[in-house]
Each structure stands twice: as C-alpha cells, then as structure tokens.
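**Q** Please work out how this folds:
(4 chains)
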2 protein chains.
Amino acid sequence: MPGAAPLRIDSDGQRTYTIGELADEFGLTLRTIRHYEDEGLLAPARDGMNRVYGHRDRARLVLICRGKRLGFSLADIKEFLTLYDGSDGQVRQMQHLQALTRRRVSALERQLADVQQTLAELHRIDARITDHLTQHLRRHGIDETSTREDKNL
Amino acid sequence: MPGAAPLRIDSDGQRTYTIGELADEFGLTLRTIRHYEDEGLLAPARDGMNRVYGHRDRARLVLICRGKRLGFSLADIKEFLTLYDGSDGQVRQMQHLQALTRRRVSALERQLADVQQTLAELHRIDARITDHLTQHLRRHGIDETSTREDKNL
DNA sequence: CACGTACCTTACGTTTACGTCAACGTAAGG
DNA sequence: CCTTACGTTGACGTAAACGTAAGGTACGTG
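**A** Coordinates of the predicted model:
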C-alpha cells in the first residue's frame, strides 16, 4: 500500500509544493517549469538545492498557463505578472502599470470579439454538417458505419 | 501625381489583389503571406510568375489572422480552414470535420472563459491602481510629475 | 536606356519555447 | 549496500514562424 503523500509544509505552516507536484497538477514538464524560472517568471525558494514552491508561485503558474492558452509569449506574460504583483511602488511606476493593464485589456477585448465570432461561425458550420448528414440519412439507409476505413487523419 | 490604383480585375470580372495589396491591408509582410502559401494555407492563382489573389484567398487570410490572434499554430489554422471549405465530401469525412469543429469549439469556449476571467482581473487591478493614485493625490499635492526617475521596469 | 517599383525564388539566419540527453546528488526502503 | 524515485545543473537539439539577404524578372517613366 503506497501510503498517502506527506503534504510538504514550510516553517510558517504554509503548504508548499515540489516541482514534480506542480508539473503533475498543471500538466507541465519539469523542464518547462524550470524554463519559466530561467525566464524570470518564477522564483521559488530553495531547500538546499531543491526548489520549494509556495502559494504565490502556484498562483503565478495559474496565470502563466492561462496566458499561454491565450497565445501570449513568455515575455508578455512576465510583464503581465508584474501587474498582479503591483499595488506598491512609486507613482510613476503605477501609472506605467496602469498603461500596461489598459493595453492588455484592449488586446483581450479584441480577442474576446474574435473568439465569439469564431464560435458563432463554427456553430453554423456544425449545424450545416449535421444538416448534410441527416439529409444523407433520409435519402440512403441508416447504415453508414464501418463502410470505409478511417482516413489518415 | 500618382493617379489612383487601377483595381485589378480578372477574366470573370472578379476583383483580385496583389500580394502587396493584401500585405498592406492585413499588416503582414510579403514573406509572411508567401510563407502561408508554403504551408498550404493559401493557393493563389498565377499570372505568369505573379500571385493573383481572389475573394476566397482574402477570406482565408481574414481567418488566418484571426486564428493567429487567438494563438493557434499555422497547422491548427490549416485544419481549421478545411472546416470552412467543407460542405462537400464523403460522409465519413463530414463526420470527421464535425468532430474537428466540436473540438475547436470546446477549446474556444475554454478560451472565452479565460479571456473573460483575465479581463475581470485586469479591471480589478486597474481600479486598484486608480485608487492608490487618487489617495496619493489627496495626501500629497497635485504635483507628482517628474519627481523621480522611472524605475527600471 | 537607365531607374524605380513591384514582384519572384532560393536559402540561410533568428527567436521562442521548450525537448532531450548526460552526469550527478540525496533520501527512503528492502 | 543497492536500487528506486525524485531532484539538480549544464548543454545541445529542434520545430514553428517568420526575417533577411542576394540576385533575377518585368513594367512603366523621366
């Protein structure tokens, strides 16, 4: 019997994670997570040589993954992460962050429109195909399965 | 004086476009558009050596650009384009296209959620920054411009 | 007729985002 | 002590999506 995993805790009683745990959870490779560190997107603590990830790191990974799904580059995402760190800093810097935020908002609003439009088109396509298929069924018999081999892809 | 551009027309009276015109219109380089052709996303007609783009090509370019903004690879987009071409083909193939369509729809719905969530968070950040800035203004004077140098980032 | 402009091809270079070894450390368990 | 699991640091490889010459063709114009 394997015995439940021991849930790593740090000196302040906070739950921590190993790189392997995060990799499993987020469906990333170790290499990928280390790469994010190389690129300055993560900066986990260390226990000797080993990386120790906390709440904050985990939250950043969530944002990184989302950013990637949205098609942003790691560099973009890095800039992006500073927006979440913000809340302190000098006035000029805050204004800069706000400018960044608003640019990002514009981009995302555009993207939102793109997604919605594409979804609408795909639904039309789906309906069209369904139409064709049901009409085909009406004209010919009910059998059509396993007549031909699957095409190469 | 340059004289208005002569609006190229093909033998069927259909408006056509040169690669340069499309590049300008879509904000792409010639190289990029040719690359899409190399990858099989476009297949313009030819006038001797020169590429001649018609309605269909232009429409595909619209979809390509949108796909790219949505973070899809050219390979994805190519698959994607076949969905729009569809409407003919054998039953098995139609079913395959419908499967593709629905997978794509799922991905986009996920993306839609991502975008909306990110937008909401960014709006919160924006508001937070505005708060900080206005409170700062209340406490100190109205002047704040050019007090300190910009921080490194 | 030389020049500019717009197009073409071929081909190597570049950036991003990791993959893929290689070689090694360490702690747990049989 | 040996194995297994999990971690570490280089360092080189690679696929995608173009960039960037370098050089050639074709057309219209001063």
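
**Q** State the phi and psi torsions of residue A:15.
**A** Backbone dihedrals for residue A:15, given as degrees, to the nearest 10, come out at phi -70, psi 140.

**Q** again but with residue A:11, I slipped
**A** Backbone torsions for residue A:11, taken as degrees, to the nearest 10, come to phi -60, psi -20.

**Q** do residue A:52 as well
**A** The phi and psi values for residue A:52, taken as degrees, to the nearest 10, are phi -130, psi 120.

**Q** what about it, how many neighbours?
**A** Neighbours of residue A:52 under the rule other C-beta atoms under 10 Å in any protein chain shown: 16. C-beta: built from backbone N, CA, C; applies to glycine.

**Q** Contacts only, for it.
**A** The contact partners of residue A:52, by C-beta atoms under 8 Å, 6 or more residues apart in numbering or on different chains, come to A:8, A:10, A:16-18, A:44-46.

**Q** Wondering if the lengthiest helix in chain A reaches chain B at all.
**A** What stands out as the longest helix in chain A, according to DSSP state H, is helix A:91-139. Yes - Helix A:91-139 reaches chain B (C-beta under 8 Å from any C-beta of the partner chain) through A:91-98, A:101-102, A:104-105, A:108-112, A:114-119, A:121-123, A:125-126, A:128-130, A:132-133, A:136.

**Q** circling back to that earlier point, narrow the contacts of residue A:52 to those in strands?
**A** Mapping those onto strands (DSSP state E) picks out A:45-46.

**Q** Include distance to DNA strand C and neighbour count when you put the contacts of residue A:52 into TSV, please.
**A** TSV is the format used below for the contacts of residue A:52 (distance: C-beta to the nearest atom of the strand, whole Å; neighbours: other C-beta atoms under 10 Å in any protein chain shown):
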residue	distance to DNA strand C	neighbour count
A:8	12	14
A:10	16	12
A:16	15	21
A:17	17	21
A:18	11	17
A:44	16	22
A:45	17	12
A:46	13	8
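
**Q** Looking at the contacts of residue A:52, spot the one nearest residue B:26.
**A** Nearest to residue B:26, judged by C-beta to C-beta, of the contacts of residue A:52 is residue A:44 at 42.1 Å.

**Q** hmm, back to that, can you redo the contacts of residue A:52 as TSV with distance to residue A:28 and pLDDT?
**A** Listed next are these as TSV, based on distance: C-beta to C-beta, whole Å; pLDDT from 0 to 100:
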residue	distance to residue A:28	pLDDT
A:8	19	75
A:10	22	74
A:16	17	94
A:17	12	96
A:18	13	96
A:44	14	96
A:45	19	95
A:46	20	91
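
**Q** buried ones in stretch A:31-44?
**A** By neighbour count on 16 or more other C-beta atoms under 10 Å in any protein chain shown, the buried set for stretch A:31-44 is A:33-34, A:36, A:41-42, A:44.

**Q** again with stretch A:18-25
**A** A:18-19, A:22-23.

**Q** is any part of it close to DNA strand D?
**A** Yes - using C-beta under 7 Å from any atom of the strand, stretch A:18-25 reaches DNA strand D at A:18-21, A:23.

**Q** related to what we said a few turns ago, quick check, nearest of the buried residues of stretch A:18-25 to DNA strand C?
**A** residue A:23 (9.5 Å; C-beta to the nearest atom of the strand).

**Q** mind checking the backbone torsions on the closest residue to chain B within chain A?
**A** For chain A, the residue closest to chain B is residue A:71, as judged by C-beta to the nearest C-beta, at 2.0 Å. Per-residue torsions, residue A:71: phi 80, psi 20 (degrees, to the nearest 10).

**Q** Name the residues of chain A found near DNA strand D, please.
**A** Going by C-beta under 7 Å from any atom of the strand, the residues of chain A near DNA strand D are A:18-21, A:23, A:30-31, A:34, A:49-51.

**Q** swap the cut-off to 6 Å and go again
**A** With the criterion set to C-beta under 6 Å from any atom of the strand, chain A comes near DNA strand D through A:18-20, A:30, A:34, A:49-51.

**Q** Tabulate the buried residues of stretch A:18-25 (TSV), appending distance to residue A:67.
**A** Output for the buried residues of stretch A:18-25, formatted as TSV (distance: C-beta to C-beta, whole Å):
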residue	distance to residue A:67
A:18	23
A:19	20
A:22	16
A:23	18
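
**Q** Determine which two of those are furthest apart.
**A** Greatest spatial distance among these (C-beta to C-beta): A:18 and A:23, at 8.8 Å.

**Q** circling back: other SSEs contacting the longest helix of chain A?
**A** Judged by 3 or more C-beta pairs under 8 Å, 6 or more residues apart in numbering or on different chains; DSSP states H and E, helix A:91-139 is in contact with helix A:74-85, helix B:55-69, helix B:74-85, helix B:91-139.
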